[in-house]
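> Just to be clear, the model below is a prediction. Sequence and coordinates:
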Amino acid sequence: MESAPPTGSAKPRARRGRPPEPGLAQRRRLQLIESACAVFTERGYEAASISDVAKHAGVGQGTVYRYFESKRTLLDHVLDHSVERMLEAVRSGATRARAESLEEFIEQVRAIAERLFTLTQESPELLKLVLVEASAIDEELKARLLGLENTLSAMMASYLNHGVRAGWLREDLDTEMVAHGMNAMIVPGFLLALRGEATPERRARYVDVLVSFVVFGVRGPGAAR
Amino acid sequence: MTDRIATRKRELVEAAYKVFCTKGYRTSGVADIVRETGVSHGTFYNYYDSKRHILDDVLDYAVESIIEGVVGEDQPNEATSLDELAGQFRAMLDRLLTLVDEKPGLVQFTMLDTPAIDDELVQRLLTLISSFGVLTTAYLDNGVRRGFLPADLDTKTAGEGLLSLMMYSVVPTLRGPIVEPERTRHIDALVGFAFNGMAARR
């Protein structure tokens, strides 16, 4: 809040404290969210405290409370932040240019898989926090995450509808339902990363096999009925 | 371990499983478990140190009974054609969803609450999931051996794909029970996805 301007002096005195720096508040918020990401994933949400977050960010606890009213509010922002990264990974693979053939579709699915894999490997603990731990914290968070899964599926479904209309995806494909199945394909990579087995070779094979699984099912591209 | 001890432990584990699924792990205590079995606190502590201690056994028991319930009659080496295998997968999905209908807290307990507790449990859960993955792989190995699945299929990875679909199939139940006609549509879509993928066949 602004204090009343000083009166009675010839020249306005410099305000106390740090001069306002453009964008500082936003940068500080982001910095705190990133620290919270780090602390929550390292210590677990339950065990982590605001003072841990403050220490990690190198600020006082008061500063954290100036931006976020509670640990739970911080978690909301950590989720938004992480989810945005996941959505970005999918979007940048899928919607930049609409696939116009099965071959292009396969390339895009592969690009999405690669990106999600990278994200999973960079921060498996963060994904664990977002995908698993958060849902256990309260009903509101669980509902939010389920809603998000729906949004992601709807995005995928509209993308798949195009392929059905164009004739390179099967005409009887239940795109709305299958989109959820596509989301499920993040699970194997996630498990691989959590088990600490995601070597470059394993990863490359996983992407190959799972892309083929998504496109052709277990019977593979060859066997036409 | 004598039979009597094993039986008593089993009773406690089954009771704890029921309590954790209905009341939630965080909000339930040893008192709820002993109330469920009718034994005294002292008896509980003869076998387990704490709620967290019994949880290890409860988780093993939960996953074992889920696998047993889901597999049912459909053994991995039985299918002789792709259609039969798809039928097995369909039946397994159906049984999994029925299991969840009967014990609505099951998904929340195994997939969400447990891994949130500590890292040791995450590792334990990963091991249990892996043993489930070995099983789904066995169904695909059977198909390759009998020649109705491609010889070059990476059954281990594809098996994890199948398993992931199964695990994911129960996610919508966190919102509430899946009822007909959505239930059949849900199963149809997942079976079609696993066996035919998405591409149009030319």
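Looks like it arrived, so ask away.
> A:Ala99 falls within a helix, correct?
No. Looking at A:Ala99 with DSSP: H, G, I helix; E, B strand; the rest coil, it is coil, so not inside a helix.
> gap between the biggest helix by length in chain A and the chain center?
Taking DSSP state H as the assignment, the helix of chain A that covers the most residues is helix A:139-166. When distances are taken as C-alpha atoms, centre = their mean, to the nearest Å, helix A:139-166 is centred 14 Å away from the chain's centroid.
> Which element, helix or strand, includes the residue nearest in space to the middle of chain A?
By C-alpha atoms, centre = their mean, chain A has its centre lying nearest to A:Val83, at 2.7 Å. Using DSSP states H and E, A:Val83 falls within helix A:71-94.
> What are the buried residues along that helix?
A:71, A:74-79, A:81-83, A:86, A:89-90, A:93-94 (16 or more other C-beta atoms under 10 Å in any protein chain shown). No exception for glycine: its C-beta is placed from N, CA and C like everyone else's.
> List just the nearest of those residues to chain B.
Nearest to chain B among these is A:Leu75, at 12.5 Å by C-beta to the nearest C-beta.
> Now do the helix or strand that contains B:Val100, average pLDDT.
Secondary structure from DSSP H and E places B:Val100 in helix B:82-102. The predicted model gives helix B:82-102 an average pLDDT of 94.
> tell me the mean pLDDT for the helix or strand following that helix?
Once helix B:82-102 ends, the next helix or strand along the chain (criterion: DSSP H and E) is helix B:105-107. In this model, helix B:105-107 has a mean pLDDT of 88.
> Keeping just the C-alphas, turn the helix or strand that helix B:105-107 is followed by into CSV.
Beyond helix B:105-107 in the direction of the C-terminus, DSSP H and E gives the next helix or strand as helix B:114-117. What follows is helix B:114-117, C-alpha atoms only, in CSV (Å, rounded to 0.1, in the frame of the first residue of the first chain):
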residue,chain,number,x,y,z
THR,B,114,-0.3,-44.9,-0.3
PRO,B,115,2.3,-43.4,-2.6
ALA,B,116,1.8,-40.0,-0.8
ILE,B,117,2.9,-41.5,2.5
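> how far is helix B:114-117 from where the chain is centred?
How far helix B:114-117 lies from its chain's middle: 16 Å, per C-alpha atoms, centre = their mean.
> Do any residues in that helix lie close to chain A?
Yes. Helix B:114-117 reaches chain A (C-beta under 8 Å from any C-beta of the partner chain) through B:115-116.
> Now the phi/psi pair for A:Arg170, please.
phi -60, psi 140 (degrees, to the nearest 10).
> which one is it nearest to, not counting chain neighbours?
B:Ala200 (4.9 Å; C-beta to C-beta, 6 or more residues apart in numbering or on different chains).
> Backbone dihedrals for the one you found, both of them.
phi -70, psi 140.
> just checking, it touches A:Asp172?
No. With contact defined as C-beta atoms under 8 Å, B:Ala200 does not count as touching A:Asp172 (9.6 Å).
> quick one, which of those two is more surrounded?
When B:Ala200 and A:Asp172 are compared for neighbours, B:Ala200 comes out ahead with 17 against 10, by other C-beta atoms under 10 Å in any protein chain shown.
> dump the residue contacts of that one.
By C-beta atoms under 8 Å, 6 or more residues apart in numbering or on different chains, B:Ala200 lies in contact with A:102, A:167-171.
> can we see that at 10 Å?
For B:Ala200, the contacting residues are A:102, A:163-164, A:166-173, by C-beta atoms under 10 Å, 6 or more residues apart in numbering or on different chains.
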